[in-house]
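Engineer: next come a sequence and a model predicted from it.
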There are 2 protein chains.
Amino acid sequence: MKYSLADIENMDQRYRAQFVNSLSGFKSANLVGTINAKRVHNLCVVNSVFHVGASPAMLGMVMRPHTVRRDTFENIIETGCYTLNHIHSNIVGAAHQTSARYDKEASEFCETGLTPYFSDCFTAPYVKESNIKIGMQIEQINPVEANETQIVIGRVVEVIIDKQAVLADGFIDLQALDSVAIASLDGYYAPKLINRYKYAKPENEPTILK
Amino acid sequence: MKYSLADIENMDQRYRAQFVNSLSGFKSANLVGTINAKRVHNLCVVNSVFHVGASPAMLGMVMRPHTVRRDTFENIIETGCYTLNHIHSNIVGAAHQTSARYDKEASEFCETGLTPYFSDCFTAPYVKESNIKIGMQIEQINPVEANETQIVIGRVVEVIIDKQAVLADGFIDLQALDSVAIASLDGYYAPKLINRYKYAKPENEPTILK
């Protein structure tokens, strides 16, 4: 079946949201932790975190200033920092619940039962239950002109993780840490390893890394 | 274990690449198909495709102009269009092999055994074997100042997919289509559904969608 541009534009709004949100493929599953000047914590599920570069270490994410994520975006602007916390299978329900439109004064930590955790020299709250906690400092923000989203790029300044999950070559075993993936707006998945592959070279066949 | 900014900066380059590429969480797994003015096809695995918006339907991806992906980026600039093609478990090896540094004149389709497929009114080649094929038109490019990457945002203009995989609410069953996820640089995963959740509201508990 071929869907044309007109077919997509003519979809019912909610149907189109599910359909188009499925197109990128599986997504990362993180909770963004922030704090505002009044020390109110905010926590929000985000499925758009992507790798930007390893040196300096940078990650990007998409924020919609006119949805529930407005608090998160404003807190990042105000404080310059935020945390990313991987979602694992035991906290999927609580993580999804952070997407509800709670009042600005409410902390999604309290509302969902997740626990704020603070590192020595970082103001934004981590999620204690998370198996990978990443401290981020804002680097660059680019508006997307065709809609009202913002692409937020930050530098990694701290990573808290069980060292045993970091393999000898630096690869982090996300399956061992039970990190989940997201499809579309509301599907949570447990990925199972098929294979790792060696660095590809034109003169070699694809080779599985044992 | 806490990794500081200095710990990350002091990692060996390859170790850091694996480590930092793991931090975002699981990634989408796509092949980008392009064509240049001389009609040479190019195909390249990309693990950074992310959702930008549903109306208009837009996806973003990160391109490194100074790596093997230079051909892809130049072709996109030249022609204004590209395709995204989901990777499934049977083409993981061939897909990974497209990351090898083939000559500019070589087609990664020929080199890896994947088959170009053309739609009526779209110049860039799709991957015939792929179960989700997406035609994209360039919308906006933002350079990331701290490194030499480019964030490429495109509009979805065509989607080719088995209609049976599109559920009644528009959610695409990526597991039924065998789409894979990527971790770090070289790990390919098959995601298994845990649960879908209903739209979250402050007054309700998290509710599994049956």
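Structural biologist: Cool, the structure landed.

Engineer: tally of neighbours for the spatially closest residue to residue A:55 that is not a sequence neighbour?
Structural biologist: With C-beta to C-beta, 6 or more residues apart in numbering or on different chains as the criterion, residue A:55 has its nearest non-adjacent residue at 6.3 Å, and that residue is residue B:16. (C-beta placed from N, C-alpha, C; glycine too.) The local packing of residue B:16 (other C-beta atoms under 10 Å in any protein chain shown) involves 18 other residues.

Engineer: next one, pLDDT for residue B:16 please.
Structural biologist: Looking at residue B:16, its pLDDT is 98.

Engineer: in what helix or strand does it lie?
Structural biologist: If you go by DSSP states H and E, residue B:16 is part of helix B:13-23.

Engineer: report the buried residues of that helix.
Structural biologist: By 16 or more other C-beta atoms under 10 Å in any protein chain shown, the buried positions in helix B:13-23 come out as B:15-23.

Engineer: need the three-state assignment for the closest residue to residue A:48 other than its chain neighbours.
Structural biologist: Nearest in space to residue A:48, with sequence neighbours left out and distances taken as C-beta to C-beta, 6+ apart, is residue A:62 at 4.0 Å. Put simply, residue A:62 is strand when judged by DSSP: H, G, I helix; E, B strand; the rest coil.

Engineer: tell me who's in contact with residue A:62.
Structural biologist: Neighbour list for residue A:62: A:46, A:48, A:144, A:149-152, B:50-52, B:60 [criterion: C-beta atoms under 8 Å, 6 or more residues apart in numbering or on different chains].

Engineer: mind checking the backbone torsions on the residue nearest the centre of chain A?
Structural biologist: Central residue of chain A (C-alpha atoms, centre = their mean): residue A:30, 3.4 Å from the mean position. Dihedral pair for residue A:30: phi -130, psi 160, per degrees, to the nearest 10.

Engineer: give me the beta-bridge partners of it?
Structural biologist: residue A:46, residue A:86 (DSSP bridges).

Engineer: list the buried residues in stretch A:96-109.
Structural biologist: Neighbour-count burial for stretch A:96-109, counted by 16+ other C-beta under 10 Å, picks out A:96-100, A:102, A:106-109.

Engineer: so what's residue A:122 closest to, chain neighbours aside?
Structural biologist: Closest residue to residue A:122 apart from its sequence neighbours, by C-beta to C-beta, 6+ apart: residue A:135 at 4.8 Å.

Engineer: tally of neighbours for that neighbour?
Structural biologist: Residues contacting residue A:135 under the criterion other C-beta under 10 Å number 26.

Engineer: could you do residue A:203 as well?
Structural biologist: Residue A:203 has 5 neighbours, counted by other C-beta under 10 Å.

Engineer: swap in residue A:63?
Structural biologist: Here the count is done by other C-beta under 10 Å, and residue A:63 has 22 residues near it.
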